[in-house]
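Novice: pasting the sequence and the predicted model now:
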Amino acid sequence: MSDAHVTYVDVVVPVPLNAAFTYAVPPLPEGSPAVVRGSRVLVPFGRRHLYTGIVEDVHTRRPDMPEIKEIVAVLDPYPIVRRPQLQLWHWIADYYLCGIGDVMKAALPAGLKVESETVVEHSPDAPPDAVAGLSDADAAVYALLRDKGRLSAADICKATGRAAEGVVARLVERGLLVVSERLVERYKARRQTFVAPAIPRGDAGALVAALAVLKRSPKQETAFMTLLEMSRFNRAAEPLQPVEIGALTERSGVPRSIVRELEKKSLVAVTEREVGRFSLDTSQPAAGLPVLSEPQAEALRGIRDSFRDHGVVLLHGVTSSGKTEIYMHLIDEALRLGRQALMLVPEIALTTQLTRRLQRVFGRSVVIYHSKFTDNERVEIWRRLLSSSEPCVVIGARSAVFLPFASLGLVIVDEEHESSYKQYDPAPRYNGRDVAIVLAGMHGAKTLLGSATPAVDTYYKAARSGKYGFVQLTQRYSEMQLPEIQVVDMRREREQRAVDGSLAHTTIGTARRMLAEGRQVIFFHNRRGFAPRARCRLCGYVPKCDHCDVALTYHRRIDSLMCHYCGAVYPMPGYCPQCGEPAMEIAGYGTERVEDAIASEFEGFRTLRMDLDTTRARDSYDRIIDTFSQHKADILVGTQMVTKGLDFGDVGMVAVVSADNVIFYPDYRSAERAFNMLEQVAGRAGRRGAPGRVLVQTYTPDHPVLGFVRAHDYAGFFDHEIAERRAFNYPPFTRMIYVVLRHRDERVLDGQARVYAEQLRQLFGNRVSGPEPPGVARVQNLYIRRIMLRVEVEAYMPRVKEALRELNARLSAAGALRGTVLHYDVDPA
Ligand code: ADP
Ligand code: ZN
């Protein structure tokens, strides 16, 4: 291929590597779409597999390489990734020190990624008597493929009930089977079956004849009559409406097979149609924009002013001050200008209440996007945004930053301090809030960050360094008081024998009074499961996970111990594995156990629990939130999930079962996290009606964080915290990067981590600390060491990345990283 006219394409491939790869474009079959930037192509990668890649560039520069592979197919005639998106992918790869392929993997919904899968088929060259001389098992597989054509290893497994690899390898070796690759397109359009009467309308004779046929089959008659009604058969003036088969069988109470009988008699016509997954709700918005209170209107004016000379503005508004109402006004302005808006929320739990509020105002302009959607649903939203640039507001979790926006005018990041904006694993380990700010910049859009308890970094940029604009809202809507916070000293309560299990009598008493007044109560506890560990009463032995360095949590529903890091489940031992005595007991409290105690303490009141274990199913959050917000339950026990911006009107009291769990966390951000969490929990109390109460149970009542929480003193907390950060050179005064090394062998890992840190010091001097084992020093059989690098905030990240890349290359070449898995975590949360 020396031809200068050959077209080359640079393709981003979803593998954890740094660069795009260049492929040649061969003459494509007639009718193939032309390759354009941003479209998908199918390319060979590695030994055999085919991947979907995204075309980054189309050019005629032949790369200086002996062999250039060719693309296999062009999948789209138009870009499915817009140009600013590719730009954003590169920014993420550079800033978060990962591969562009990693970013692509996270950005593109799986449904848009065609991949190949290995399939096996019977060889055309196999002799007719091939089966002779095969073992029974081999012969069975061979016969299966001869009958069925091509199957994947998984299909064979399913059909024969045993692992197929060994058999297949043997048969391939004998030349009886051949292996090839088959493309798997994951996206499936949703199809529905519709039924319509197949007799002429307005012809009484035909109808009478039909009914005569059905006389002896009452079920068929019922189904047919129901169909006539549902399809508006008798209203000749209206168009005939085919009826979805599920709706028909439900209304008529007959099974689908009956409808098929009608089809056989040619009385009905059955058709299949592709339908969207999102029923288009064309209803008009039900409400206008909320009328703002005077402080809210003033804050809105302040934000608009501040946007004139700032790209990013922080709205610091106490809980229940009506930040959402202000967001709505800004969104409305963006939509009126014909632009799109993106509203990020930290977690799905928040979206239900919020989306309903927004839907009432913006109707079908609201688009929801989050991780509990299926692949197919994500693809449909992606395509909807690609195919139109109509104004809309997307509400989504962090991954919504990857959607193909055409003209973004506004980004809102609600609860901007939330650490769930940060992706921990796998790469890209990005912070959705920070990426959203960059995204907005690329579109020339403004970003509003909102929080009652801003991240220390954000507040610093807004209230101190002037990098962000800063607007405050200090009053709750309709001047509700912030709740009174009472610290319950558990040491004293215990001395006075006034503690039952995990709850002090003080707490129980207040809860009882609130419930008696008809108000609701929330118990917050950030440990799920029944008991956080099991223990031998005699020798103190605590069972740990075989694969991770953590104590196992007891879950009563499955009567087993579970590892919260890898999910492994173990039976609860009857005897202590260490001393052999039958003295195993459980220790400590998780949400299950707290719920249990509460159910028996407050008999007659209805209790709900909300944590990871009760919300695995897709609609379970909504169900719990609906039940509680409609006051069909009195008590809610839950983890972090209950703290997140939920707006329940009747909550009179919130109890924090153990503040110590929140406060003592080995991390420079622990104080910030504790303050935020406690203040947010407190914000759930007394949002309407009478003032609320918050009880915080703790064994360290004098901890400074509790003092600030009690006074609802964010500014005081910030002053205290920022002084520490400055003194110890932590963010926002530096940018923190963890180099994380993992290895199966602890000794080898220690040696390698030490060498790595030494080499890193040669490059970055005293900006390097460690290596150290993190809090949990082994997960899924890999030991972990962390090296901390703190660079100046002004440092240019691509340069840092380059230096790290060179170091890795050098150490790898010298064999100094053998067996190690290494990654970076920039701005760890
Ligand atoms: P935040 O997001 O600041 O915690 P919300 O926006 O949830 O506060 O407001 C708290 C409560 O006050 C909600 O129930 C909301 O409906 C009500 N509210 C706030 N502002 C207004 C307003 N301008 N008009 C009517 N209701 C409001
Ligand atoms: Zn484990």
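Specialist: Thanks, I have the structure now. Ligands and ions are numbered 1, 2, ... in the order given.
Novice: was I right about residue 680 contacting residue 319?
Specialist: Yes: assessed by C-beta atoms under 8 Å, residue 680 is found in contact with residue 319 at 6.9 Å. Bear in mind the C-beta positions are built from the backbone N, C-alpha and C, glycine included.
Novice: what residues are shared contacts of those two?
Specialist: Shared contacts of residue 680 and residue 319, defined by C-beta atoms under 8 Å, 6 or more residues apart in numbering, comprise residue 452.
Novice: which stretches of the stretch 1-150 of the chain have low pLDDT?
Specialist: Low-confidence segments of the stretch 1-150 of the chain, defined by pLDDT under 70: 1-5, 47-48, 114-118.
Novice: tell me which element the residue in the chain sticking out farthest from the centre falls in.
Specialist: Largest separation from the mean C-alpha position in the chain: residue 205, at 59.4 Å (C-alpha atoms, centre = their mean). Assigned by DSSP states H and E, residue 205 belongs to helix 204-213.
Novice: check the offset of that helix from the chain's centre.
Specialist: With C-alpha atoms, centre = their mean, to the nearest Å as the basis, helix 204-213 stands 56 Å off its chain's centre.
Novice: right, and the helix or strand after that helix?
Specialist: In N-to-C order, the element after helix 204-213 by DSSP H and E is helix 218-230.
Novice: the helices in the stretch 251-400 of the chain, which residues?
Specialist: 256-264, 294-309, 323-336, 348-362, 375-387 (DSSP state H, counting those that start in this stretch).
Novice: what packs against the second one?
Specialist: Yep, that's helix 294-309 we're talking about. Helices and strands touching helix 294-309, by 3 or more C-beta pairs under 8 Å, 6 or more residues apart in numbering; DSSP states H and E, are strand 312-317, helix 323-336, strand 469-473.
Novice: okay if I get those as CSV plus distance to ligand 2 and mean pLDDT?
Specialist: Converted to CSV, the helices and strands packed on helix 294-309 look like this (distance: least, C-beta to the ion, whole Å; pLDDT from 0 to 100):
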stretch, distance to ligand 2, mean pLDDT
strand 312-317, 39, 97
helix 323-336, 39, 96
strand 469-473, 44, 97
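Novice: what's the most buried one of those?
Specialist: strand 312-317 (a mean of 25; mean count of other C-beta atoms under 10 Å).
Novice: hmm, back to that, nearest to ligand 1, of the helices of the stretch 251-400 of the chain?
Specialist: The closest of the helices of the stretch 251-400 of the chain to ligand 1 is helix 323-336. By C-beta to the nearest ligand atom, the value is 3.3 Å.
Novice: the closest one near ligand 1 anywhere?
Specialist: Yes: using C-beta under 6 Å from any ligand atom, helix 323-336 reaches ligand 1 at 323, 324, 325.
Novice: ok, back up a step: tell me how far the residue farthest from the centre of the chain lies from residue 212.
Specialist: According to C-beta to C-beta, to the nearest Å, residue 205 and residue 212 sit 11 Å apart.
Novice: list the buried ones in the lengthiest helix in the chain?
Specialist: In the chain, with assignment by DSSP state H, the single longest helix is helix 746-764. By 16 or more other C-beta atoms under 10 Å, the buried positions in helix 746-764 come out as 749, 750, 752, 753, 756, 757, 759, 760, 764.
Novice: can you list contacts of stretch 55-71?
Specialist: Contacts for stretch 55-71 (C-beta under 8 Å, 6+ apart): 1-2, 4-12, 20, 22-26, 35-44, 86.
Novice: which of the residues you listed count as buried?
Specialist: Here, 16+ other C-beta under 10 Å leaves 8-12, 20, 22-25, 35, 37-44, 86 buried among these.
Novice: show me those that map onto strands.
Specialist: Residues of those located in strands (DSSP state E): 8-12, 22-25, 40-44.
Novice: nearest to ligand 1, of the residues you listed?
Specialist: Proximity of those to ligand 1 (C-beta to the nearest ligand atom) peaks at residue 12, which lies at 38.5 Å.
Novice: what's opposite the closest one in the beta bridge?
Specialist: Note on residue 12: beta-bridge partners by DSSP bridges are residue 54.
Novice: how near is it to residue 90?
Specialist: Applying C-beta to C-beta to residue 12 and residue 90 gives a distance of 9 Å.
Novice: any shared contact partners between the two?
Specialist: Residues touching both residue 12 and residue 90 (C-beta under 8 Å, 6+ apart): residue 100.
Novice: how about low-confidence regions in the stretch 301-450 of the chain?
Specialist: 348-350.
Novice: now with 90, please.
Specialist: For the stretch 301-450 of the chain, applying pLDDT under 90 flags the ranges 318-321, 346-357, 363-364, 368-381, 383-384, 386-390, 419-420, 424-425.
Novice: what residues does it have near ligand 1?
Specialist: So the stretch 301-450 of the chain meets ligand 1 at 317, 319, 320, 321, 322, 323, 324, 325 (C-beta under 6 Å from any ligand atom).
Novice: what do you get if the cut-off is 8 Å, keeping everything else the same?
Specialist: 317-326, 357, 414, 450 (C-beta under 8 Å from any ligand atom).
Novice: and what about residue 91, helix, strand or coil?
Specialist: Of the three states, residue 91 takes helix under DSSP: H, G, I helix; E, B strand; the rest coil.
Novice: neighbours of the residue lying closest to residue 345 once chain neighbours are set aside, how many?
Specialist: Spatial nearest neighbour of residue 345, chain neighbours left out: residue 414 (5.2 Å); criterion: C-beta to C-beta, 6 or more residues apart in numbering. Counted with other C-beta atoms under 10 Å, residues neighbouring residue 414 total 23.
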